[in-house]
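Trainee: Structure, please.
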Amino acid sequence: MSTATIAAQPARGRGRPGGRTAVQEQKRRQTRAAILEATGEVFAATPYVYATIDDIIRAAGVSRATFYMHFESKLALALAIYDGITVDWMELFDRLPPVATDDHRELTAWLKALAALYVDHGYVTALVGQLEVFEPSFRQRLHNDRDALIDRLGVAGVGGFVGAAGKGEAALLQRARARLLLRRIDQVCSDLSLPKVLSTAEADTYVRLTVEEMGQFMGGLP
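Mentor: Residues are numbered from 1 along each chain as shown. Presented below is the predicted three-dimensional model:
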């Protein structure tokens with residue numbers, strides 16, 4: 001799963017739209033939830049590029065017309081899944097320490113917690129990677145979300161992210177470093193989340209090297 005997902009939470013409607021009764025609104029939400037749950041099952045078993053709307057509506061037990069009342073396309077559905085997990089990432093990145101400590105323990109615990117989220121969200125990690133390959137508009141979305149995350153961390157006073165604000169050459173260079181670091185964190189957590197990809201010794205080495213890179217970027221670690 002991508003670190004970019006935590007950059008911005010999706011808009012969430014409050015109350016029910018005018019003209020709908022409480023029962024109708026509850027039914028609408030239940031149907032939407034059923035479609036999302038069925039989509040998770042489909043995407044977990046079938047790569048995004050091969051999964052079809054027909055696969056999803058069969059799994060959800062809804063008509064094509066009902067599907068399109070909730071989602072305009074397969075991409076819109078995938079984006080709803082992507083948006084739906086932002087709270088977990090938001091909460092974790094908000095706990096990123098402002099300055100790295102010299103003993104590495106705090107950053108190590110933080111990175112392992114992030115990797116655990118990739119495990120918990122299972123197929124979404126792979127889905128985001130596939131969307132980046134097959135959906136050009138999603139690549140721009142990830143780029144924008146990473147920049148929003150960098151700004152958020154900078155405002156929070158987190159280490160090297162502070163220096164990524166502004167238009168000067170130094171700020172642009174620091175933003176490039178921040179983007180590359182976030183990409184590295186994404187890749188490492190993805191590798192750690194996949195069973196049998198890394199040995200225990202390899203996983204420990206990945207964590208140690210990534211923490212060292214984070215520490216150098218944030219300040220406080222040699």
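
Trainee: And the strands in this protein?
Mentor: Along the chain, no segments are classed as strands by DSSP state E.

Trainee: looking at it, which helix or strand does the model trust least?
Mentor: The weakest-scoring helix or strand in the chain, judged by mean pLDDT, DSSP states H and E, is helix 86-93 (a mean of 83).

Trainee: Tell me which residues of that helix come out buried.
Mentor: Of the residues in helix 86-93, T86, D88, W89, M90, L92, F93 count as buried by neighbour count, 16 or more other CB atoms under 10 Å. C-betas here are computed from N, CA, C, even on glycine.

Trainee: ok, the third one touching A116?
Mentor: No: under the criterion of CB atoms under 8 Å, W89 lies out of contact with A116, with a separation of 12.0 Å.

Trainee: related to what we said a few turns ago, going by contacts, tell me the helices and strands next to the least confident helix or strand of the chain.
Mentor: The contact analysis (3 or more CB pairs under 8 Å, 6 or more residues apart in numbering; DSSP states H and E) places helix 86-93 against helix 105-120, helix 136-155.

Trainee: go again using 7 Å as the cut-off
Mentor: helix 105-120 (3 or more CB pairs under 7 Å, 6 or more residues apart in numbering; DSSP states H and E).

Trainee: which regions of the chain lie under the pLDDT threshold?
Mentor: The model of the chain has pLDDT under 70 over residues 1-19, 99-103, 220-222.

Trainee: And the helices in it?
Mentor: Secondary structure of the chain, counting by DSSP state H: helices at 22-45, 53-60, 64-70, 74-84, 86-93, 105-120, 123-134, 136-155, 169-193, 200-218.
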